[in-house]
Every structure is written in C-alpha cells, then in structure tokens.
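K.L.:
here is a sequence with its predicted model. Questions after.
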Amino acid sequence: MPDAAKPDATTQDPVRLLDEHGARTASDRYDPLIADLDDHALAGLYEDMVLIRRIDAEGMALQRQGELALWPPLLGQEAAQIGLGRALRSDDFVFSSYREHGVAYCRGVAPVDLLRVWRGVSVSGWDPFEAGMASPQVIIGAQALHATGYAMGIQNDRERDPATPDSVAVACFGDGAMSEGDVNEAMVFAATYQAPVVFFCQNNQYAISEPVSLQTRVPLADRPAGFGIPSARVDGNDVLAVTAVVREALERARGGGGPGFIEAVTYRMGPHTTADDPTRYRDPAELELWSARDPIQRLRAHLESRGAFGPELEESVAARADQVAAELRAGCIAMPDPDALEVFADVYAEPHAELDRQRADYARYLGGFVS
Amino acid sequence: MPDAAKPDATTQDPVRLLDEHGARTASDRYDPLIADLDDHALAGLYEDMVLIRRIDAEGMALQRQGELALWPPLLGQEAAQIGLGRALRSDDFVFSSYREHGVAYCRGVAPVDLLRVWRGVSVSGWDPFEAGMASPQVIIGAQALHATGYAMGIQNDRERDPATPDSVAVACFGDGAMSEGDVNEAMVFAATYQAPVVFFCQNNQYAISEPVSLQTRVPLADRPAGFGIPSARVDGNDVLAVTAVVREALERARGGGGPGFIEAVTYRMGPHTTADDPTRYRDPAELELWSARDPIQRLRAHLESRGAFGPELEESVAARADQVAAELRAGCIAMPDPDALEVFADVYAEPHAELDRQRADYARYLGGFVS
Amino acid sequence: MTTMTMGKALNAGLRRAMTDDDRVVLMGEDIGTLGGVYRITDGLQAEFGERRVMDTPLAEAGILGTAIGLAYRGYRPVCEIQFDGFVYPAFDQIVSQVAKMHARTHGLVRMPITVRIPVGGGIGAAEHHSESPEAYFAHTAGLRVVSVSNPQDACTMLRQAIASDDPVIFFEPKRRYHVKAEVDDAVALTEAPALGSARIARPGEHVTLITWGGLVGVALDAALAAEDEGTSIEVVDLRSLSPVDYDTVTASVRRTGRVVIAQEGPREASIASEVVAVLTERCFAFLEAAPVRVTGHDIPYPPARLEKHHLPDLDRILYGVDRVLGRVRETGVEVSP
Amino acid sequence: MTTMTMGKALNAGLRRAMTDDDRVVLMGEDIGTLGGVYRITDGLQAEFGERRVMDTPLAEAGILGTAIGLAYRGYRPVCEIQFDGFVYPAFDQIVSQVAKMHARTHGLVRMPITVRIPVGGGIGAAEHHSESPEAYFAHTAGLRVVSVSNPQDACTMLRQAIASDDPVIFFEPKRRYHVKAEVDDAVALTEAPALGSARIARPGEHVTLITWGGLVGVALDAALAAEDEGTSIEVVDLRSLSPVDYDTVTASVRRTGRVVIAQEGPREASIASEVVAVLTERCFAFLEAAPVRVTGHDIPYPPARLEKHHLPDLDRILYGVDRVLGRVRETGVEVSP
Ligand SMILES: Cc1ncc(C[n+]2csc(CCOP(=O)(O)OP(=O)(O)O)c2C)c(N)n1
Ligand SMILES: Cc1ncc(C[n+]2csc(CCOP(=O)(O)OP(=O)(O)O)c2C)c(N)n1
Ligand SMILES: [Mg+2]
Ligand SMILES: [Mg+2]
C-alpha cells in the first residue's frame, strides 16, 4: 500500500473552500468530494450548526442556573463537528472526548441525552451501539486506541465475512491530546495494521490554559507522516472543507488504504468548561480575531451569495432552535435522580457474591432509616 | 530556532562514510566533523570495538557456563555503540537500555560492573554519577523521558549559572521502543523545551522476535520530524558515520539548537538474550547478509587501506582482549553473594519505622536458625 | 499566623519551599499562567519564572518521567497531577522508576519528587475527578504517602514532603481546599511533627476512629454527635498513610479496644484493610470487637447525584461505631456500610 | 486426559477457547511467530492465522487500548503481558477503561477481556520479571483476578476467564509453568467449579493456610512437613483473588480458628491484608489467635541471588504456623517473616 507509506502531510496552509467572507474557492482535489452539496444540503448544515450552537448555549445556561454541574462548550467548533458528523455513515463508529456534542447530535443522540453526564445522574448518556458512538471519554487521548481497536475489528469482520460493510472508526480528540502516549501509540497500531480509522484532531488552540505551542512547535498535521499515516490540515471553521477532507479520508479507509489523520484548525470561543476562567490566560484580541472567522456566519454568507438564504430559512431554523432548546431544558429539569442502589448496578456483567453482599448490607442499612 | 522547526529527516539511504569494503566516501557535510580521526584515533576505535565484542562474548560464555543468569549480547552493534560512546564528553549523561555494554565501556564503566546485574547480585552495576551514565533501564522506553528531564535540568543549570558546561543528555533505545508512549512523549517534551537531548535509536531490526516492520512502515528516522526534531539515519555498522552524525547532533544541542534524533541502522547478530532462540523467527540468510556488513571487519579493512593495520596492532589488541576477558571472568566468579539483610537496604533514603521493623523481624527470624 | 484556606496554605508552603531551596521546581498541566485548576500554584510562575514553574505538555508519564531526569540532575521536582483519576498514565513511571530508583542504585540516586494530587469526592464532579487511589501507592514499596486535612498540616507537610529525600505522593482532599484556619507557614520543619506522624484530632475513650484527609471533618462531627449519646470517640487523623504511625494508633487502640476506620476509597485491598490487619496482629488481645471498616463500596466512583450513597458520611460512621460497640443487631455476620 | 505441563495446559486452553468461539483473538508481544517468550501461544498463529493471533507493536497501553476497541466490536481479546513488571504502562487503560466500561455504559458495553500475565518470582530473573502485582487489580472494582497453580485449573479457568463477560486479570505463576499433571482440556465449563471458587488443596484441622499461585506447592510441602510434627494444616488455594470465595475460606477458619496467609507480593495494602481484615470481620469470635501474614517484604523485588530472602519459603511458612499456634516466644508484639 504505497499510499500509506507516502503520507501527504504538509506544513502548508489548511485546506479552505470557503474564505472568511463565505466566498467559494475552487479545488480540483476537493470539489468532486462535495459536488452533491446543493442548496438544500447546505441549508441542512446551516441548520445543524445553528441548532447545536443553541443546544450548547442552553447547556451553558442550565449550568449557570445550577441545573448542571458542569458544561464543556463547543462554541466556535460547530463547523468541525458538523462537517465530521454529517460525513459519516450510520455504520461508522465514533470514539470522542467530552466536547463533541455536535458529532453526537449528528449521530442521532437526543439532545437531552447529552446532559445526563453533566447533570450527574449517569456516567454516560446514550446507547453506544444505537448511536454508533461510544460514551464520551474524559481521560485525554485514551479513546484514540479504542477507535483503532474497533477499526481492527472491522478488518477482522470483513475478512470473516466480505459482506460486512466497509465501516470506519473515528477518534475525536483535541490538540492537547496529541502529547499523550496513547494517541501516539494509536497511530503506531493504526499504521501497523492499516486499520480503517480516521483520527480527527480539533486543534482549538488550547488545552485548558495551555496554548497549542506548548504541545508542539510544528503543525500537528505534520505528526502522522512519521508514523506512515497520511494527514490533512483543514480550516476547521469551514464546514465545506471539513466535509471534503473527512470524506477523502473515509473513502481511503473504506477502500483499504489504511488510517488517516485530520487536523481541524479551529478555536474554542468559550471557556474550557463552565469551571474555567479564560480571561486568566487569553488575550481578548485573540477572541475578537476568531470571532470574525465564525463558522456559522461564514456558511450563512456563502448561502447568501448563492441566493439560498432567506427569511424563511432563518426563521424556520430559529423556530426549530427555540423548540429544541425548550425541550432540552424541560428534559433536563425532569430528569429523575437515580435510585440509591444504582451505585451497585452493572459493575459486573456476571454475578459477584462479594458485591452482592455489599449491596445487601447497604440496602439493609438504608432500610434501617425507614423502619 | 528555525532549525528545530525545519527538521531534516529523510527517508533516504542512511549516512555512510565507509562502504562495506571499508572504502571511504567523501561528504561535504560530515567530513569536517571527523577530520581529527587520524590513524591513531581509528586504531583506538578498532581496539574499543574488538574489546567490547570480546567482553560480550565472555558474557555469553559465562552465561552458558551458569555463572550469569542471563546476558543480552550486543554482537553486531559495536560500531553504533562505540561511535556514540566515544563522541561523548565526560560531562554528558547517558540513559540507556540493557544492551549498551559498548556505551558503558566508553563511559569508563569497569567491565566486571557490567555483569553484576546479570549475575543477580545487584539491580545495578555502577555509580551513575561517576560514569555519567544511569543504571540501565529494563522498562522499554522509560529512559527516554529521564534523559529529556535531565536535559531540562542542564538548561536550568545553565540559566542559573552560565559557566555550567554545555552538556548533553543521551537516550539510547531500540527500534521496538519507538512504539512505546514514553518515547513519543519524550520527543514532545524535548521539542517543547528545546532540551539538549539526543535520542539514539539502535534499529537492530528486531524487538525480540518482532521485525521492525511490525513497529513501523516508514523509516524510524522519519518520526521525529513530526515532533519538530531534526533527525538523521545512519549506517550503524559504520563507526565513522556514527561518530559524525552523533557529533553533529551533540554540537547542535550544545549550541542551543535543541534535541536531535539518530537512527543507527544495524543488526543484532546474536539472540535477543541468552534465553532467546532466534532460529524460531529469523532466516539464516538474513544473518549471513548482515555478517558481510560486520562493523569491525569494515573498520579493519579501512585501516588496512590506509596502511594503518599491521600485526602489532592486531596482536596488541588481541592481547588486551585476552587480558580483559580473563579479568572479567575472574571478577565475575569472585563476586560475593550479597548479605541477606541487603534486601532492606536503600528502599528509603530516610528512616522508615515500618520497614525497620520488618528488617528487625527478619533478622530475628534468621537468627533463630543460628541459635 | 494568618488565617487562610487550605488551598492558600498549600500555595504558601510551595512558595516557602521554593524560596528555601532553589532546586525546587514545579511541573504540571496549567500550573503556570492559570495557577492550576485549583489555583494552588497561583502567582508562583510570575514570582519564580518559567523555568521553576513549568507548564508541561499534556502527558502525565511525561511529567513524572522528566521529573526523574530532573531529580537525577539534582532538582527536587514537585509534580501536580490535575485530578486523582489522571495519575494512572504515570503509574509505570511512579511504580517502576520513582519508587525503585533509590534502591536500584544502592542509594546513589535520590528521588526527592513530590507528586501533588487533588483527591477524593464530595464535590459533585464528573467521572475520574473524585477518586481515592491512595492504596495503589501504599502498596508500592519505596514511596511515602501523605494525605492532609487542614491548612496547617497542608502547609507544613507539603514543605516536609518536598524536603524529604524520598518520593512522596501527596494527597490534597478537594473538599477541604476551602476550609480556613490559622497557619504559620514559616514553622521550622524540624520542630514540626514528623512527616510520618499521625495526629490525635480529638481524644476519646470508647472507640478509636481512624481516618484521614477529606473524612477528618466528618469524623470529628460524628464524634461530636456521639458525645451527646455518651460515646467518647478518639479521632485519629493518620496524615501519613504509608508508613502509618502505628505507635500512635496502637496506643489508642490498646486503650479503647474498639476500632472504626473510615475511608472514601473502595474497600478491597485498601489502606483500611491494611490497618485492620496490622491492628489485629499487634493488638489482638486488646480488641473487644472486630474492627469495623466504613468505606466506599467496591464500585467505580458513581455519578455526582449518587456519591452520597458511596461516600461514608456522618450517619454511616456512627453506624460503624454502633456496630463496633455491639449496638446493632446484625442479621448477617457483618454489615458493611 | 493427557499429562502435560501447566504451560501446555494453558496452550490447550487457549486452543479450545479459540475453537469454541471464533470471536476470541490473542494479542501481545512476540506471541505469534515466536509463540511467546514462555511458548504459551506456541503454534496458535500457524493454526488460527495472523488476524486471530496478533503480534502487536511494543506498547502495552496500545495492546489494552485496542483490545477495548475490539471488545466494543464484539471480540473477546486475550492479551498477553510479557512479564508482570510490564503491565504498568497499561494501567490506565485497565483501571480507567477496562474496569469501568461496563458500569459506565449501564451494562451495554461488555469487556470480555482476559489479560494473561506470567507472575511472580523464584526463577532467578532480572528486575521487573518477578513481581506480584495482584493487589493493584484486586483493589480495582470492575475486574476479576485469578491466579492458577496447576495444569487443570490453568486450562479450565483460562477458558472460563475468556468465556466470562467480565474482564479477568489472569495470573500464571512462572515457576509453575513446568509442573506436570493430568489434564482434561475439554471439560464442560458449566460442570467445572466456578471461576470464583477456591479449592481445598489439602484438608486439615489445626490451621487454615491460605495461599495461591506459585506458593501452593510450597504450602503443600509445608503441610506435609508439619504433619510429621502432628500439626494438621488445611491448605486453601484461593485461585480467585477477587472476589475471594469467602464461603469456602470462612468455613475452614471457623473449624480451625487459626489462619496463616502466604503471598509472594509485598504486604502493605495487599490481598493478604484484605483476607485478614475480612476474616477478622466475619470470624472474630472463632479466631484463637491473630491471623498471621507470611509475605514478601515491603521492598522492590530484590536481585536474583537475594530472592530467597524475600519470598516466603517452607521454613517461613512453618514459622508462621508456629506463630499462629503460639509456639514462638515473640520478643515483640509480632514477628513479621
Ligand atoms: C489523562 C488526563 N489528564 C488530564 C486531564 C485534565 N484535562 C481535561 S481537559 C484537558 C485539556 C484537553 O485539551 P485538548 O486535548 O486540546 O481538548 P479540548 O479541551 O481543547 O477540546 C485536560 C488537561 C484529563 N482529563 N485526562
Ligand atoms: C515495557 C516493557 N514491555 C516489554 C518488555 C519485554 N522486552 C524486553 S526487550 C524487548 C524488545 C525490545 O526491542 P528493542 O526496543 O528493539 O531493543 P533491542 O532488544 O532490540 O535492543 C521486550 C519486548 C520490557 N522490557 N518492557
Ligand atoms: Mg484543545
Ligand atoms: Mg531492536
């Protein structure tokens, strides 16, 4: 597989198909990959981005109002996440970190399920197999290996049964995660087995307070080449460019071309989480700079330039956003506290006499308060 | 530091200054770095390589005779290790794996001290500060981080006191180690802090039974570029080329140019250790191929071509080798078993009541057998 | 003496240690500009510079591994692990390197490394942010393990840990960061109680209640509540979890004959198990009843809204006291909460 | 029934498990062409192919992390860690992922991962090749921990571990690899004793001697030697270290009233500590003397020529028996060997 051995990573400017004013730049390489994106499809991406931004804003609000313990906002990363999420097939499988609300949304996860973890009623929010997306990962970088192993499983399945769909596993992580051993080992395994996995790194410029320059002195997209993995650096605020490079990597992986790596260059416009105070480490001028590159504004400008953005679209999307936000809030507040004995649930898949004993003892103890 | 950001790693052929017949190839880049290597110096390198091969053979023999529990031979890697070892200054500091007998020898470690660990009388053989070389590392790759931290310490010392020597830390590890998270994290830290550390990877083609192709599909020397670290791929059986590329990396690091990486392409001609049976995984033809590239023969041929190899040199080196081997053997057999209570020694640097109690109890127990 | 929170006391302890010894360096994620997610290192980078207070790349093995190299070079690194649940990527470097290096080198290479870890639950946090990994380190020969419960101990013992030539895993219970008290941050280390010493947090006669860190406050409240019912509880704040100060503990147990030990962490093969085993060995003839362990369950830390059903609280500790006093009619041989 | 070594029995168990379920895949360093450094996987790659017996890159976190992904995809990975001391780089993936995934996903994602680890000392090996890390895993909720001592258990319990929907850390004592016995590698798993069950390796009346893995042989020898002096020792081979089969253990202790527990690993916060704590809780009224722990010291594993002074041997176990029988006049409150 000479392709895998000759990576095309570069230190050059990120792939960009929409400039900051929404004007479309032509690309021989990438245009064919998004030829199907007509006005309707673009409007769909616009709606997705607006909705997920609204869901995110509602998450922030619910936290500020004490309904959630914490919220990690995606504000500014909508194009990266929707571009990725909408490029996937339902039989693909995503392993993400805690910030990929937009990807989960595209996977069909109900918005209210995004909140369960942050409300503290559960350690995960949805059925991974239904969504084709694992429970979000808090340990930085660990999921890169899970995705790689899952991709190895796809390979095995296809060898056992050639009719198995040519699914791809996707690992989402941030710029900070690139420093963890796990992510680098994942690239080793992925390259060795030529597993169908795409590493999707959202470089949002920060790992909490640490700028990406503390993690690397060269573009992150340069890293995979040395592992024998082709990579692309893409403007993460350009939903068309993200769609194109993701589709390219997915196609290569499906075709047996092995793993791929994408660095989506974007910006975390909010705090790391609601517990964070970015004014301690971030220059307001920087935020201003990136505000001008807002991913939703850019797509909207592009739609306008195509004559495909009108009041109906704006209003229908706004109405939908209001509705989703209202449902989300209602769903959040209605979430019941789990039952006390839930703490013992599912620790093991099979009977466990000692834990059963602890459960029984605790139940008896709790009962003592009642009787 | 634009140099560090523009790595010069390549997938091209390894740097080679002596061909397989000992003929010298000219190099604008590397010749000046070894201009001082006159006949006398070359004869010295020849002696070093012969001696360390003899020490290694004696280690093998002592193990076969039951005097050592295990021995990891360096056979075939003499040029890589002597080339590195002799390029270092006494104030540099080496963190190695278990196979770098040649490097230790160059650091002034007494040959008999190489055996202590393998005879099972100690978990380390020498004073790291006297030798400027840490106790060999068994956990694959862990020492790459130690070297990087040491190099950060050199930086700190030089900032505190500019008169501090411009020492360099060196991490030695194998091709297999490149897959461990630790080695990759070490490259991250080294690049971030631009620490004066040189990573010296002896690619001896195998990690026990696993060929290097299982660890990577591209040359290992391609890896560091993606971390922002310049690298070189060198013929590890060519002691001149190794000397040249190591000196280049050391000079860059001393001058504030940050970390460097060297892949020395060589071959483990013996088993992984005396416990290993390479016939289970290695084609005899391969061994034959590499025998023709023997590093000592190559330097000898070169000396001959310079008219600098005569019977005196051959005999004096052989005599020295006999002497060193005899001393080594005598020293090995004379090594006393450590005292029983040594098991409690140095677990802590400061008093520890509970361990003292265990020591006292055990001493009392042992005493019971006597009285 | 100044009144300060435990967080500030730790900050003061770090500042003092850095001033006293210019070989002390701090390393960790977000500890520089941000001052750490709990602000324990607040202001220290501004004061001591980027070389002594290092924001590191996001890699815990990297932090510990480079700290080892710095220790080789004569430095005294103080590493911050951002939360308890993030120490495991560094486990190999801690267990196979930090803990063993001094013995491995016949005492020639010292590892005066302090690993600061915010620990424990009770703060409504997300997964991996409320764990109690003390036992993993207590089981590892070559390490010392400390957990503090109040501002003065936090300040003094952190300075002692940094001054110690042995590696110290230094736990800071998150739920105590905001507790305030008078602190003398300049106390002479040689005059302060030794790093390995326990503290009688409250004297008592009927039951010895052993705990540490985040539960010391709860234990004191329990003792107060029990007093109303005529039970006199002696509360021992272990402070040093490895080694445990058994002189202090066994003296107490020989007087009371009854032991309750409370910890947040899971029970199996834990610090509580060890203390019970040792007290059984050393005080068997004095025990009036089997020692009682009041611990977290043997489960992964539960989501925030359930943590009250995992963490020992005042009621569960008092229930343990009732059990050791034989006041609970048990339906089984033992009752575990 | 065939006579075979424990090593071969493990090999037979793997072959059987792979034949019975084509979702079983083996992963590890050198397990393919070489058949593993102990040859436990000998011939399996030739038989089942490179996709089911995978030589992996040299990275333990990588092995466990990708095994998790394979489990997500429905596979049952059996990971080999080459030696006990090399499991720590994978510790985070084991503790934070493998152990917690089932609970984290409300039981939707199963982790039927078996981690095979050659364990323990007594073989004159180099550093990191003789460790006993059982306690780290027993302390971790969500894992099962097994250690086998003979060919039949090795074969059957390995098959059970692989068939279990829970993750199992499966320890294989190196010094027992060459022990031979009759093995039926086709025994029906449902008819064999359960994975979590202990085994009375030898019945006895006066003392319950609890151990597992590499020390079972030593314990049986000790029991034989004690018999000559009129002491009848019941030897319990725990087999399952987490959970411990306390039904079997407490029944024995209630009869004998005296407990010695022997393990190779260090003592502090160990399996021995846990068993002593539980037996004190559940059998307090039956105990005639404090349970005695005969363990490795709390030290890093010593060099080969000193291991005899670290590992419990026949004499030290008998000394422990003498102590629990009150035959040793102790100068201190307790004597620890
Ligand atoms: C192993 C580990 N170490 C530390 C943390 C604490 N932590 C949570 S998020 C974060 C920064 C992650 O940065 P990045 O990978 O860039 O992702 P982002 O948050 O920017 O999306 C850190 C250090 C963690 N969760 N896991
Ligand atoms: C963390 C760890 N995993 C596994 C091992 C077992 N092991 C010892 S040497 C070795 C192969 C190392 O290969 P390489 O890095 O190429 O060095 P070489 O032996 O060829 O010099 C392995 C897997 C180990 N020592 N440490
Ligand atoms: Mg980021
Ligand atoms: Mg090698």
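P.N.:
Good, I have the coordinates. Computed from a predicted model, the values in this text were never measured in an experiment. Ligands and ions are numbered 1, 2, ... in the order given.
K.L.:
indicate the residue of chain C located nearest to ligand 1.
P.N.:
Of all residues in chain C, the one sitting closest to ligand 1 is residue C:86 (3.7 Å; Cβ to the nearest ligand atom). No exception for glycine: its C-beta is placed from N, CA and C like everyone else's.
K.L.:
make that the stretch 201-350 of chain A, sorry
P.N.:
residue A:207 (3.1 Å).
K.L.:
what's near enough to touch the closest residue to that residue other than its chain neighbours?
P.N.:
What sits nearest to residue A:207 in space, not counting adjacent residues and going by Cβ to Cβ, 6 or more residues apart in numbering or on different chains, is residue A:176, at 2.6 Å. Counting by Cβ atoms under 8 Å, 6 or more residues apart in numbering or on different chains, residue A:176 makes contact with A:140, A:206, A:207, A:208, A:210, A:212, A:215, C:57, C:58.
K.L.:
run the last query once more with 10 Å
P.N.:
A:97, A:140-141, A:183, A:201, A:203-204, A:206-208, A:210, A:212, A:214-215, C:29, C:57-59 (Cβ atoms under 10 Å, 6 or more residues apart in numbering or on different chains).
K.L.:
what of residue C:111?
P.N.:
B:349, C:67-68, C:71-72, C:76-77, C:97-102, C:105, C:142-143, C:165-168.
K.L.:
quick one: the strands in the stretch 1-150 of chain C?
P.N.:
For the stretch 1-150 of chain C, applying DSSP state E, counting those that start in this stretch gives strands covering C:2-5, C:24-28, C:53-55, C:76-80, C:114-119, C:144-147.
K.L.:
in the fifth one, what's buried?
P.N.:
Residues C:114, C:115, C:116, C:117, C:118, C:119 are the ones in strand C:114-119 that count as buried (16 or more other Cβ atoms under 10 Å in any protein chain shown).
K.L.:
quick one on the thing from earlier: check contacts around the residue of the stretch 201-350 of chain A closest to ligand 1.
P.N.:
Counted by Cβ under 10 Å, 6+ apart, residue A:207 has contacts A:140, A:174-179, A:214-215, A:268, A:272, C:29-30, C:55, C:57-58.
K.L.:
can you check residue C:208 too?
P.N.:
Counting by Cβ under 10 Å, 6+ apart, residue C:208 touches C:200, C:233-236, C:249-261, C:279, C:283, C:291, C:324.
K.L.:
among the residues you listed, which lie within helices?
P.N.:
Those of these mapping onto helices are C:249, C:250, C:251, C:252, C:253, C:254, C:255, C:256, C:279, C:283, C:324, per DSSP state H.
K.L.:
distance of the second one relative to residue A:342?
P.N.:
Residue C:250 sits 40 Å away from residue A:342, going by Cβ to Cβ, to the nearest Å.
K.L.:
what does the fifth one give?
P.N.:
In this structure, residue C:253 and residue A:342 are separated by 36 Å, where distance is defined by Cβ to Cβ.
K.L.:
same check on the last one?
P.N.:
Shown here: residue C:324 relative to residue A:342, a distance of 29 Å by Cβ to Cβ.
K.L.:
rewinding a little: which residues touch the residue of chain C closest to ligand 1?
P.N.:
If you count contacts by Cβ under 10 Å, 6+ apart, residue C:86 has them with A:138-140, C:29, C:58, C:60, C:117-118, C:128-129, C:131, D:92, D:96.
K.L.:
quick one: which two of the residues you listed are the most distant?
P.N.:
Greatest spacing in the contacts of residue C:86, by Cβ to Cβ: C:58 and C:131 (19.0 Å).
K.L.:
give me the residue from chain A nearest ligand 3.
P.N.:
residue A:174 (3.5 Å; Cβ to the ion).
K.L.:
surely that residue and residue A:137 touch.
P.N.:
No: counting by Cβ atoms under 10 Å, residue A:137 is not a contact partner of residue A:174; they are 11.2 Å apart.
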